[in-house]
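In: No letters, just coordinates:
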């Protein structure tokens, strides 16, 4: 009986979370993975930045991704990627919004971005597509004006291989979680210290009071 | 007991110091708090209720701090706080202390309300103290709503318009009061400034109401049974503070937003929420508003609910109040607490379908509890022992 229960306890979450992207920073005390964030930033630069702004992120913030000041300066010297028109006339004037806080306003956060990036499918034969729209199973209504954004081969990893679309989707989702909540690491580190301090304070306080009460 | 307050003894020595001779703050603190005689057997819940004071202190101080950076305009409200949290050292901590301080306040307040109803804390010449506590609770809700409106996202803007519709249904003065509330016919450039001023003014008024409530409790006659000075409860208060601070720290560390917002953070003319979901501590009253069908009905149910809770000293027709003295009534109070929890969960769910029916049923049971169950059960239930215990 106990074996069955333990088996269920292991299996049910495994089934529930199979296929769901894993993000360390979504766990209780987990933080960002800087390698992921750097790949995500490169993905954003290569695939998103021509239409979508990140107005709340300043160049100096990029140092907390692990970039050196020299690297940030080099990026700035290159200038912003050439911006496309913000509106797409062929898609009913759809606007490419600012992405800084995109994930802060979604209950599913990074998982919503991962699903959107990997949700493109060929339109079904019986579908009537709007002009300039693409079929995406993760988008409400199924028709999105944004073309499949992540181009295979657009980002090279440190080992010299090109990042696959799922890897880019995962890491750009993590990167946008960072732009939405850049102080997450500092908050969790400070919070853990505070909790540890309170636990020690509690032990010391109760020992002191117990000795004084019984004296 | 001299041990428990030895650290404060300096100002009350036979020869008072320079300050104590002119402004005896320490002596007042002893008289009003430390030496106040309270029952010997108060439960831990009473000490936890005192954490309302800690929550109010955190909210007031962090609120003043945030007020220095807050831009009370429709476009600036949300953006100013986002930029403050991102760019100012420990700005995120001030924002989280304030929004999660509200959560901590309401955890304590809802717990204290349940405890007060369960133990009939309004007995023994405490009717007025109870009424003041409900007025204080209503003021907390109002300040909480204004704070939510001040966050400035699409959710908050929709909530402001919905609240103006509620206000407009008040007879005679409603329409002009709604215009005063918003600073115009609809959301205008001064709307957020109106929310800000009300949030701050009522927020400070709350401190006065809380002080009045404590004064009213203090003059009530002491409970029968052995008494001790409040200073004897120092270990309990220390434990209550630790529990409070640990929950607080855990929320800020793990998920300071508690699942919110569910709409874009910044206002956007193209992002209109399908349904505005207020913070969890307003959900019960959001449920009343939904069950009321029209804005007028929702406003009426909300006010009626607060009046009925405040009228408990007169709705309760019975005698006893100790734990276990009135098991049937105590059971109904627990059912009421579950009912309120279900109402809050259902009120956060999308409108329509089974959840709307749950909102209606839970609201109906809330009013049946106060209008029918409470008078009848307390009238007919014989208390096992007519003692009064468990309240300060």
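Out: Good, I have the coordinates. Model, not experiment: these values are computed from the prediction.

In: Tell me how many other residues surround residue B:134.
Out: 20 (other C-beta atoms under 10 Å in any protein chain shown). (Glycine included, C-beta is placed from N, CA and C.)

In: For it, which non-adjacent residue is closest in space?
Out: residue B:310 (3.8 Å; C-beta to C-beta, 6 or more residues apart in numbering or on different chains).

In: for that neighbour, phi and psi?
Out: Residue B:310 adopts backbone torsions of phi -70, psi -30, taken as degrees, to the nearest 10.

In: and it, what pLDDT?
Out: Here, the pLDDT recorded for residue B:310 equals 96.

In: thought it was touching residue B:132?
Out: No - applying C-beta atoms under 8 Å, one finds residue B:310 not in contact with residue B:132, separated by 9.1 Å.

In: what's near enough to touch the residue nearest to residue B:134?
Out: Residues in contact with residue B:310 (C-beta atoms under 8 Å, 6 or more residues apart in numbering or on different chains) are B:130, B:131, B:134, B:135.

In: Narrow these to those in helices?
Out: B:130, B:131, B:134, B:135 (DSSP state H).

In: Would you mind listing the buried residues in stretch B:295-305?
Out: B:295, B:296, B:297, B:298, B:299, B:300, B:301, B:302, B:304, B:305 (16 or more other C-beta atoms under 10 Å in any protein chain shown).

In: Reformat those as JSON lines; add secondary structure, distance to residue B:145 and pLDDT.
Out: Output for the buried residues of stretch B:295-305, formatted as JSON lines (DSSP: H, G, I helix; E, B strand; the rest coil; distance: C-beta to C-beta, whole Å; pLDDT from 0 to 100):
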{"residue": "B:295", "secondary structure": "helix", "distance to residue B:145": "15", "pLDDT": "83"}
{"residue": "B:296", "secondary structure": "helix", "distance to residue B:145": "18", "pLDDT": "85"}
{"residue": "B:297", "secondary structure": "helix", "distance to residue B:145": "18", "pLDDT": "88"}
{"residue": "B:298", "secondary structure": "helix", "distance to residue B:145": "13", "pLDDT": "87"}
{"residue": "B:299", "secondary structure": "helix", "distance to residue B:145": "13", "pLDDT": "88"}
{"residue": "B:300", "secondary structure": "helix", "distance to residue B:145": "17", "pLDDT": "91"}
{"residue": "B:301", "secondary structure": "helix", "distance to residue B:145": "16", "pLDDT": "93"}
{"residue": "B:302", "secondary structure": "helix", "distance to residue B:145": "11", "pLDDT": "93"}
{"residue": "B:304", "secondary structure": "helix", "distance to residue B:145": "18", "pLDDT": "95"}
{"residue": "B:305", "secondary structure": "helix", "distance to residue B:145": "15", "pLDDT": "96"}
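
In: longest single helix anywhere in chain A?
Out: Max-length helix for chain A by DSSP H is helix A:184-214.

In: which one of the contacts of residue B:310 sits closest to residue A:126?
Out: Nearest to residue A:126 among those: residue B:134, at 60.0 Å, using C-beta to C-beta.

In: right, and that closest one touches residue B:308 too?
Out: No - the criterion here is C-beta under 8 Å, and residue B:134 misses it with residue B:308 at 9.5 Å.

In: quick one: the residue nearest to residue B:134 and chain A, what's the gap?
Out: According to C-beta to the nearest C-beta, to the nearest Å, residue B:310 and chain A sit 36 Å apart.

In: can you tell me how far that residue sits from residue A:208?
Out: From residue B:310 across to residue A:208, the span is 42 Å (C-beta to C-beta, to the nearest Å).

In: next one: residue B:114
Out: 33 Å.

In: neighbour-wise, which of those two wins?
Out: Using other C-beta under 10 Å as the criterion, residue B:114 and residue A:208 rank with residue B:114 on top: 16 against 12.

In: which of the residues in the helix or strand where that one lies are buried?
Out: If you go by DSSP states H and E, residue B:114 is part of helix B:91-118. Residues of helix B:91-118 classed as buried by neighbour count (16+ other C-beta under 10 Å): B:91-118.

In: Is it positioned near chain A?
Out: Yes - applying C-beta under 8 Å from any C-beta of the partner chain, one finds helix B:91-118 touching chain A at B:92, B:93, B:96.

In: Between the residues you listed, which sits nearest chain A?
Out: Distance to chain A across these (C-beta to the nearest C-beta) is lowest for residue B:92, with 4.2 Å.

In: Surely the closest one and residue B:82 touch.
Out: No - between residue B:92 and residue B:82 there is no contact under C-beta under 8 Å: 10.1 Å.

In: still on that earlier bit, if you rank the ones in helices among the contacts of residue B:310 by neighbours, which is first?
Out: Each of the ones in helices among the contacts of residue B:310 was scored for neighbours by other C-beta under 10 Å, and residue B:130 scores highest at 23 neighbours.

In: correct me, but that residue touches residue B:116?
Out: Yes - assessed by C-beta under 8 Å, residue B:130 is found in contact with residue B:116 at 7.0 Å.

In: rewinding a little: so which of the contacts of residue B:310 comes closest to residue B:226?
Out: Distance to residue B:226, by C-beta to C-beta, is smallest for residue B:130 among the contacts of residue B:310, at 24.7 Å.

In: Please name the nearest non-neighbouring residue to the closest one.
Out: Using C-beta to C-beta, 6+ apart and skipping the chain neighbours, the partner closest in space to residue B:130 is residue B:122 (3.6 Å).

In: now do residue A:162
Out: Using C-beta to C-beta, 6+ apart and skipping residues adjacent in sequence, the residue nearest residue A:162 is residue A:153, 4.5 Å away.

In: what's around that neighbour, how many residues?
Out: 11.

In: Any stretches of chain A with poor pLDDT?
Out: For chain A, applying pLDDT under 70 flags the ranges A:1-2, A:4-6, A:8-21, A:79-93, A:214-215.

In: Try it again at 80.
Out: Residues of chain A meeting the criterion pLDDT under 80: A:1-21, A:76-95, A:107, A:213-215.

In: Please name the residues that touch the residue in chain B positioned nearest to chain A.
Out: Closest approach between chain B and chain A, counting by C-beta to the nearest C-beta: residue B:253, at 2.8 Å. Residue B:253 makes contact with A:28, A:29, A:187, A:188, A:190, A:191, A:192, A:194, A:195, according to C-beta under 8 Å, 6+ apart.

In: Return the residues of chain A in contact with chain B.
Out: A:28-29, A:56, A:95, A:97, A:101, A:104-107, A:182-183, A:186-188, A:190-192, A:194-195, A:198-199, A:201-202, A:205-206, A:209, A:212-213, A:215.

In: For stretch A:166-181, buried residues please.
Out: Within stretch A:166-181, the residues that count as buried by 16+ other C-beta under 10 Å are A:167-181.
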